[in-house]
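Visitor: Need a 3D model of the sequence below.
(chains A and B)
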Protein chains: 2
Amino acid sequence: MPMKLRNLSIRKSLIGLVPILEWAPKYNTHKLVSDLIAGVTVGLTVMPQSLAYATLAGLEPQYGLYSAFMGGFVYSVFGTCKDITIGPTALMALMTYQQIVNRSTDYAILLCFLSGIVQLLMSVLHLGVLVDFISIPVTVGFTSATSVIIAASQLKGLLGLKFSSSGFIDNISKVFQNLHNTRISDLSLGICSIALLLFLRKIKDMKLCGGAGKSTRQKYISRLLWLTSTARNALVVVGCSLIAYYCETSGIGSPFLLTGSVKQGMPTIQLPPFQTVVANRTVLFGEMLCDLGTSVVLVPVIAVLGNVAIAKAFASGQVIDATQELFTLSLCNVLGSFFSSMPITGSFSRSAVNHASGVQTPLGGVFTGVLVLLALGFLTPYFAYIPKASLAAIIICAVIFMIEYEVVKPMWRSNRKDLIPTFATFILCLGVGVELGILIGVLINIVFLLYPSARPKLTVGTQKLTDGREYLLVTPGNSILFPSIEFMRAQIAKIAVQSPHLPVVVDCTFILSIDFTAAKGLSSMIDEFIQRKQSLYFLNPSPEFVAIFKGAGQEEFQYINSSEDIPSFLDSKINEESSLLQFNPSSVELKEIRYSENEDLSLRKV
Amino acid sequence: MPMKLRNLSIRKSLIGLVPILEWAPKYNTHKLVSDLIAGVTVGLTVMPQSLAYATLAGLEPQYGLYSAFMGGFVYSVFGTCKDITIGPTALMALMTYQQIVNRSTDYAILLCFLSGIVQLLMSVLHLGVLVDFISIPVTVGFTSATSVIIAASQLKGLLGLKFSSSGFIDNISKVFQNLHNTRISDLSLGICSIALLLFLRKIKDMKLCGGAGKSTRQKYISRLLWLTSTARNALVVVGCSLIAYYCETSGIGSPFLLTGSVKQGMPTIQLPPFQTVVANRTVLFGEMLCDLGTSVVLVPVIAVLGNVAIAKAFASGQVIDATQELFTLSLCNVLGSFFSSMPITGSFSRSAVNHASGVQTPLGGVFTGVLVLLALGFLTPYFAYIPKASLAAIIICAVIFMIEYEVVKPMWRSNRKDLIPTFATFILCLGVGVELGILIGVLINIVFLLYPSARPKLTVGTQKLTDGREYLLVTPGNSILFPSIEFMRAQIAKIAVQSPHLPVVVDCTFILSIDFTAAKGLSSMIDEFIQRKQSLYFLNPSPEFVAIFKGAGQEEFQYINSSEDIPSFLDSKINEESSLLQFNPSSVELKEIRYSENEDLSLRKV
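Guide: Numbers count the residues shown, from 1 in each chain, chains lettered A, B, ... in the order given. Down below sits the predicted model:
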């Protein structure tokens, strides 16, 4: 029995590490068809995208395809979120560009390798906790902004315009500047594609007329509608490509801007470049590392942030194993770098396409990868006829449903303050770029976390014993740590000085932790009370509190211990009367402070 | 009467803003003598230091003196800590150097002006709270490291060596490389100076022999000893300078390295340079701002961090008004920039000299400032004879007592974890520089603050009712905010799945705040419990908790509301028996959860 249990436990950890073991036994034909359709659709999306992103990163086009297959293979085995497709992204391409401009392609591949290594370290050191610091507000802001940016970036293709831009605002202004160059043929194809895609998206949910009992024929039609709806992206791409092919070959001319041909052939399998040649000079690893600088940390962290934000967006409430995502992403990058890949991560737009195409398991990525490899080997000439406008239509239809305006209302009702990081992230992502946007959003959120630790709630009330004697009850509503101690001291001193004749009791119920700075600050506070000849007691401190306090400065503590007259007096009165509960309601903010009937209700002397 | 009270209140705020109003009326001759001695001693220290720091910043020597007087004047009126002397520092000089190398002096003066403006903004926006995030551990690490760095930087002068170095490690290695060039005369003077200083430092505390009653003569001797001890820095400087002057003028030669002459004359009073000329090209304000980049924010923030760290070190437990310090520092920099000053802040070494010289009020800074102005105008030739070795001795004797090794023991006894930021700050300050060291130290400390918000303590226990029925009581020991919700969900799910037949009660006593992300996460958790058909109740949630929860997702909440059978059952039982207090001691970590005798002890339905 214990043997069996141990086996179960081993099996469970193994499944955690290699999630394919979980879903592979339950795999069936239905899922296979779904994954094939989704994988091929994503494949048709990733190819032109990766060519574009390679150019954006300042690399030759084939490097985009080199970066587009390993992610799918690795993620299908180790990935936890079925929708995510790993590959080149606009963000990674932009960050790579900063590193290879005026240098060599080798920097991009080394950056990919090092990003993987840093992610592996983060995974081993369980730094997945970092990802918990991306809240829903930041995710919503980031997701919505990325959707807007991606949709806007596709306007160019939709209108048949030709220009290069950097960033959202530049892109929008260039679109308007070039609006007079709009190609009617591309725009028509694009709008038709969008209309068709939105229609096909809807037919899945169409209710067939008829009664409660479904006939076999109705079931088949339902199934066909589902298939058509799910394969809509692939159908539109193939249809548009056929039209384009017909126009080109039948002598009608070239009405549409096409993706164009790609250099054929597989990448060489080799170690990532640990040295390179720039301007006829050999640059060694150390210098390359110095050149890459902080991006060696920034690129993998941004990649993980983005990847987990996407995973959370698609997880619909399920818990994401951030450490596993880190591990998978690190493998994707490390292995990718052996195939001349640039840094890769989860792609938001392609994950949306994947999701919309009805992917069932991460196996979709394998089909995508195979398609990319086939394209590199044989298919390149055929994909050259994909019109850019139809691809733009697919991406626009995928991302417009990711703009999460509907979350604003519950957020307003629930916790208005959370709208600040949401809109800050959204606006900053649009204005200054997604990486800075998400980072500042997270920082704003951390400031919200830290502020209460620096300015905690302090509840103050005058308490009356039955014999008429009073004392001040101060209840700090939080742990006392270094950022709050100066504030607490100043507040308590202010209150105590106003009523110098009253003893002060600090209720330590909510003080779950304390540090050295706080202990020192409290020691100084005790000194001040001693100077003022005012009594000060700590009510109900935890043993840790006492230990840390005694460790930091015993003398002041001993003094409190020796002045037993007033507390012991209060003590007996309280035990007799149990009158501690007569709060002054006007000054007490905390609803309830409750005492047990069978609890020794003494003011403890520390 | 109200008139008088209002006047009192206005007077109080005015004193807060202009602290000189507080201490000026109580000023007396004793304080004047102390301040004069300290001011002159600091003046004798600041002059050679400022010349050295100007050179370090890549400026002509006189700019150091231009930076050395305004701080004292402004601080004497607005400063809160008597020991602090504002002026050029090694750190500010280093940071300035980064900005003016290959540019012009105007960048340093503009940086000074802009630092002041940024500090003024921080002061107006009450960002003084930032300074609360420097804990005692970080302060101790920073203070001790700065002391070691400053002491090490003086070895050169003490040994009579000549080299230029950057950073602590480079300095130490250069000292060892150049050890064979040690000038015995300088070393002898330096060691004699140190011995004399340490002796004079002690005589203040010497008990004169004699009985209880002190004769007038003994009082005079006591007073003389105190004066001699307090003026020891000035005495040593003047004595050594006289010896050097005698040697130089009597033909003995030049046994000691001297400070040397400084260019005479006052700085021109003018607006800070909003444009400059670099390589015969006029650079306008916008470009200068771009060139300065992040240092416009980094320099003033580091200046404030350093200044308040010093203030805390000398405050010996008193509360520092960080906002007032910010305001004062901003005035020092803004006004300084009209006199061609580089960025200035509190100097650790000179504040130590000031403190050791027995300064009584910030007025010492005025004497320092006047001395610097006199030196610029007339005295420069006389101070040229100060031997470098004697100045090195003064600085070493001032800082060695600031190495706070003795705090390690109470910290170890009190809160061991706090030793990590202490030693990290200390080692990083030595290894990679003080600015990075203090920043990383603060960040490590913030991580310590944030970690409990991501991985809160969760107390779990099986509770038994008197009829034998059991339930799981889960008590989160912290507010539930976005970093912790995924962890909490996973933990509660793990516990609940292990005992699927038991209802789960989440005690919300310690949950003082909640945000939208947490509310969404709890909603998903409720859904999971519904799917498992396991009961889940929230005990004692605050009204805010309920409001935020309801705002974020009502449906799940309504569902809990409608499944009334089990909780109402539990309800009645508990009301009858009050048996909630039978904790399972083995699994319950929190000491006490207390209930009032007269409190309605119902499990509330949310």
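
Visitor: tell me the phi and psi of A:Cys508?
Guide: Main-chain dihedrals, A:Cys508, degrees, to the nearest 10: phi -100, psi 20.

Visitor: I'd guessed it sits against A:Pro543; true?
Guide: No - the pair A:Cys508 / A:Pro543 is not scored as a contact, 11.2 Å apart, by CB atoms under 8 Å. The C-beta positions use only the backbone N, C-alpha and C, and glycine is treated the same way.

Visitor: These two: which has the busier surroundings?
Guide: In this comparison of A:Cys508 against A:Pro543, neighbours counted by other CB atoms under 10 Å in any protein chain shown, the higher total goes to A:Cys508 at 20 against 8.

Visitor: Buried residues, stretch A:21-40. List them.
Guide: A:Trp23, A:Lys31, A:Ser34, A:Asp35, A:Leu36, A:Ile37, A:Ala38, A:Gly39, A:Val40 (16 or more other CB atoms under 10 Å in any protein chain shown).

Visitor: average pLDDT for that stretch?
Guide: Regarding stretch A:21-40, the rounded mean pLDDT is 89.

Visitor: how distant is it from the center of its chain?
Guide: 27 Å (CA atoms, centre = their mean, to the nearest Å).

Visitor: Just the terminal-to-terminal distance for stretch A:358-369.
Guide: One end of stretch A:358-369 sits 18 Å from the other (CA to CA, to the nearest Å).

Visitor: List of residues touching it?
Guide: Outside stretch A:358-369, the residues within contact range by CB atoms under 8 Å, 6 or more residues apart in numbering or on different chains are A:19-20, A:23, A:27, A:30-32, A:34-40, A:42-43, A:46, A:68-73, A:75-77, A:79, A:81-86, A:226, A:230, A:354, A:357.

Visitor: same question, stretch A:441-454
Guide: Residues contacting stretch A:441-454 (CB under 8 Å, 6+ apart): A:133-135, A:137-138, A:141-142, A:305, A:417, A:420-421, A:424-425, A:428-429, A:478-479, A:481, A:483-484, A:487, B:129, B:132-133, B:446, B:449-450, B:453, B:479, B:481-483, B:513, B:515.

Visitor: pLDDT below threshold where in the stretch 401-550 of chain A?
Guide: Within the stretch 401-550 of chain A, the set of residues satisfying pLDDT under 70 comprises A:435, A:465-467.

Visitor: Now do the strands in it.
Guide: Taking DSSP state E, counting those that start in this stretch as the criterion, the stretch 401-550 of chain A carries its strands at A:458-464, A:470-476, A:504-507, A:536-539.

Visitor: For A:Asn171, find the nearest of those.
Guide: Closest of the strands of the stretch 401-550 of chain A to A:Asn171 is strand A:458-464, at 50.3 Å (criterion: CB to CB).

Visitor: Within its sheet, name the partner strands of that closest one and how each one runs.
Guide: Applying DSSP bridges, strand A:458-464 is found paired with strand A:470-476 (antiparallel).

Visitor: what are the C-alpha coordinates of the strand it pairs with, in CSV please?
Guide: The C-alpha trace of strand A:470-476 is given here as CSV (Å, rounded to 0.1, in the frame of the first residue of the first chain):
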residue,chain,number,x,y,z
GLU,A,470,-9.9,55.5,31.8
TYR,A,471,-7.1,54.4,29.5
LEU,A,472,-6.3,54.8,25.9
LEU,A,473,-6.6,51.7,23.7
VAL,A,474,-4.5,51.9,20.5
THR,A,475,-5.0,49.1,18.0
PRO,A,476,-2.6,49.0,15.0
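
Visitor: Pull the distance from that strand to the chain's centre.
Guide: Distance, centroid of strand A:470-476 to centroid of chain: 43 Å (CA atoms, centre = their mean).

Visitor: Look at the most centrally placed residue in chain A and give its secondary structure.
Guide: Taking CA atoms, centre = their mean, the centroid of chain A lies closest to A:Ala309, which sits 2.6 Å from it. With DSSP: H, G, I helix; E, B strand; the rest coil as the basis, A:Ala309 sits in helix.

Visitor: Are there helices or strands packed against the helix ranked longest in chain A, and which ones?
Guide: If you go by DSSP state H, chain A has its longest helix at helix A:29-56. Helices and strands touching helix A:29-56, by 3 or more CB pairs under 8 Å, 6 or more residues apart in numbering or on different chains; DSSP states H and E, are helix A:62-66, helix A:90-100, helix A:216-230, helix A:232-249, helix A:348-356, helix A:364-374, helix A:380-383, helix A:388-399.

Visitor: and A:Gly39, what does it touch?
Guide: The contact partners of A:Gly39, by CB under 8 Å, 6+ apart, come to A:Gly72, A:Val359, A:Leu363, A:Gly364, A:Gly365, A:Val366, A:Phe367, A:Thr368, A:Val370, A:Leu371.

Visitor: what number of residues lie near the first one?
Guide: Other residues within reach of A:Gly72, judged by other CB under 10 Å, total 28.

Visitor: pLDDT at the closest residue to it other than its chain neighbours, what is it?
Guide: In space, A:Gly72 comes closest to A:Gly365 once its chain neighbours are excluded; the distance is 2.9 Å by CB to CB, 6 or more residues apart in numbering or on different chains. Note on A:Gly365: pLDDT of 93.

Visitor: how close does A:Gly365 sit to chain B?
Guide: Distance from A:Gly365 to chain B, counting by CB to the nearest CB, to the nearest Å: 25 Å.

Visitor: Residues of the stretch 101-250 of chain A that sit close to chain B?
Guide: Within the stretch 101-250 of chain A, the positions adjacent to chain B are A:Val129, A:Asp132, A:Phe133, A:Ser135, A:Ile136, A:Pro137 by CB under 8 Å from any CB of the partner chain.

Visitor: if we can go back for a sec, what distance separates the longest helix of chain A from the middle of the whole chain?
Guide: When C-alpha coordinates are averaged (CA atoms, centre = their mean), helix A:29-56 and its chain have centres 23 Å apart.

Visitor: What angle do helix A:216-230 and it make with each other?
Guide: Here helix A:29-56 runs at an angle of 20 degrees relative to helix A:216-230 (axes from the mean of the first three to the mean of the last three CA atoms, to 10 degrees).

Visitor: now helix A:29-56 against helix A:364-374, angle please.
Guide: 50 degrees.

Visitor: Excluding residues flanking it in the chain, which one is nearest the residue in the stretch 101-250 of chain A that chain B sits nearest to?
Guide: Chain B sits closest to A:Ser135 of the stretch 101-250 of chain A, with a gap of 3.6 Å, by CB to the nearest CB. Nearest residue to A:Ser135, sequence neighbours excluded (CB to CB, 6+ apart): B:Phe482, at 3.6 Å.

Visitor: just A:Ser34 next, same as before
Guide: Closest to A:Ser34 by CB to CB, 6+ apart is A:Gln360, at 4.4 Å.

Visitor: Same question for A:Arg11.
Guide: With sequence-adjacent residues excluded and distances taken as CB to CB, 6+ apart, A:Arg11 is closest to A:Leu21, at 8.0 Å.

Visitor: is it true that that neighbour touches A:Leu14?
Guide: Yes - under the criterion of CB under 8 Å, A:Leu21 makes contact with A:Leu14 at 6.2 Å.

Visitor: How about residues contacting stretch A:164-178?
Guide: With CB under 8 Å, 6+ apart as the criterion, stretch A:164-178 contacts A:148-149, A:152-153, A:155-156, A:159, A:161-163, A:430-431, A:433.

Visitor: okay, among those residues, which ones form the most distant pair?
Guide: A:Lys162 and A:Gly431 (25.5 Å).
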